[in-house]
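Enquirer: need coordinates for the following:
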Amino acid sequence: MGRGRADRVANDTAPVAGTVPRRAASDRYVDSLEGPVRRLLPYVTPALLLGGCANAVPVAPAAAPVTWTPPAKYAFTLSSECGERALIGRFRVTVADGRVTGTEGLDQASRRALMLRIADLVPTLQKLEEEAATARRTGADVVRVDRDPADAHPVRISIDPSADAVDDEACYTIQDYTIGLAATPSAPPSR
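Expert: All right, here's what the predicted structure looks like:
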């Protein structure tokens, strides 16, 4: 019996048991590219995704100020935590025209320190920066000043004149910094 056109079409789409169907030329072409394309895909995909950014002008992030300019009036909460010295505790400090105009002891240690009535015991932020600069000039083992990214006022100052000595450190944390009127101090950190 001869094979007609209908028989050939049926055999092309429905395989006979035990035979492998014949694949179209386009399928064989795709299979031949599959290996190289798979190997290149990790390199081509980022290039395609980032290609639109090629002509973009890079924008540098805004640089944080390097130096702080003290305002005429400001207030802050000072936590002085390290070393054996009179300035230990949490203080609320008000400054006007470069001078401390008000202090308040926020814990027992700071109230005890204020009872000593030592002149200029509680410093301004400028005095704390000067203390760090002096320690750096005189060769202290550790001098670190962390600054606020917005206006560069100090937020933490750590000084250790000699890593081998005990209780000569000075550690300051500055919180609740406000320009102008004094703000209410934040709650002390829990321990």
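
Enquirer: please report how far K127 lies from F76.
Expert: K127 sits 12 Å away from F76, going by C-beta to C-beta, to the nearest Å. Glycine gets a C-beta too; all of them are placed from N, C-alpha and C.

Enquirer: for S162, same thing?
Expert: Noted for S162: a distance of 28 Å to F76, by C-beta to C-beta.

Enquirer: who's more crowded, those two?
Expert: More crowded of S162 and F76, by other C-beta atoms under 10 Å: F76, with 23 against 12.

Enquirer: sheet partners, orientation included, of the strand or helix carrying the more buried one?
Expert: Assessed by DSSP states H and E, F76 sits inside strand 73-80. Paired strands of strand 73-80, with direction, are strand 89-96 (antiparallel), strand 170-179 (antiparallel) (DSSP bridges).

Enquirer: give the buried residues for that strand.
Expert: For strand 73-80, a neighbour-count test (16 or more other C-beta atoms under 10 Å) marks Y74, A75, F76, T77, L78, S79, S80 as buried.

Enquirer: quick check: the farthest pair among these?
Expert: For the buried residues of strand 73-80, the maximum inter-member distance is 17.9 Å, found between Y74 and S80 (C-beta to C-beta).

Enquirer: and the strands in this structure?
Expert: For the chain, the strands defined by DSSP state E cover 73-80, 89-96, 99-105, 142-147, 154-160, 170-179.

Enquirer: packing partners for the third one?
Expert: It refers to strand 99-105. The contact analysis (3 or more C-beta pairs under 8 Å, 6 or more residues apart in numbering; DSSP states H and E) places strand 99-105 against strand 89-96, helix 108-115.

Enquirer: ok, which of those comes nearest R147?
Expert: strand 89-96 (17.5 Å).

Enquirer: and the closest one, average pLDDT?
Expert: Averaging pLDDT along strand 89-96 gives 96.

Enquirer: contacting residues for R85?
Expert: Contact partners of R85, counting by C-beta atoms under 8 Å, 6 or more residues apart in numbering, are A170.

Enquirer: so how far is T124 from it?
Expert: According to C-beta to C-beta, R85 stands 17 Å off from T124.

Enquirer: could you do T134 as well?
Expert: With the distance defined as C-beta to C-beta, T134 ends up 15 Å from T124.

Enquirer: who has more neighbours, the two?
Expert: The residue with more neighbours, out of T134 and T124, is T124; 21 against 12, by other C-beta under 10 Å.

Enquirer: what is the neighbour count of the residue nearest to that one when sequence neighbours are not counted?
Expert: Nearest residue to T124, sequence neighbours excluded (C-beta to C-beta, 6 or more residues apart in numbering): V95, at 4.9 Å. Per other C-beta under 10 Å, the neighbour tally for V95 reads 23.

Enquirer: pretty sure V95 sits against A75.
Expert: Yes: between V95 and A75 there is a contact under C-beta atoms under 8 Å: 6.9 Å.
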